[in-house]
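> Mind folding the following:
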Amino acid sequence: MCEFCENKKQLLIKEIPEVCYGDDIQFIGFEDLQVIVDRGYLRIGCVGDMQCMDHGENIKIDYCPICGRKLI
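Numbering: from 1, shown residues only. Sure, this is the predicted structure:
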């Protein structure tokens, strides 16, 4: 096991601008987007909103992309 497939470290983290669209486009601030290995999936989503598998996007994987360990 490595620190990535133990879900202790992100594969990728990127700060992205957060905007609100309406009559005018308004800059709200920045939000951190992350990619992690979690419960047999590569998951991408906002750092503060990854508790549920429904939040963000995910791709089913069988092996850790870093160490090659077979996942559940």
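
> List the contacts of I72.
Residues counted as contacts of I72 (C-beta atoms under 8 Å, 6 or more residues apart in numbering) are R39, G40. C-beta coordinates here come from the backbone N, C-alpha and C atoms, glycine included.

> Return the set of buried residues in stretch 34-50.
Neighbour-count burial for stretch 34-50 flags Q34, V35, I36, V37, D38, Y41, L42, R43, I44, G45, M50 (criterion: 16 or more other C-beta atoms under 10 Å).

> Mind pulling the model confidence for the residue lying closest to the fifth one once chain neighbours are set aside?
Yep, that's D38 we're talking about. Leaving aside its sequence neighbours, D38 sits nearest to N7 (C-beta to C-beta, 6 or more residues apart in numbering; 5.4 Å). Per-residue pLDDT puts N7 at 78.

> swap in D24?
Reading off the model, D24 has pLDDT 85.

> Provide a list of residues in contact with it.
So D24 contacts nothing (C-beta under 8 Å, 6+ apart).

> In three-state terms, label it for me.
Secondary structure assignment for D24 (DSSP: H, G, I helix; E, B strand; the rest coil): coil.

> where's it relative to N7, distance?
Going from D24 to N7 by C-beta to C-beta, to the nearest Å gives 40 Å.

> ditto for D32
D32 sits 16 Å away from N7, going by C-beta to C-beta.

> Count the neighbours of K8 for me.
10 (other C-beta atoms under 10 Å).

> For beta bridges, what are the partners of K60?
In this structure, K60 bridges to Y41 when assessed by DSSP bridges.

> Pull the number of nearby residues for it.
9.

> Is it correct that it is in contact with Y41?
Yes. Counting by C-beta atoms under 8 Å, Y41 is a contact partner of K60 at 5.7 Å.

> Can you tell me the SS state at C5?
Following three-state DSSP, C5 is assigned to coil.
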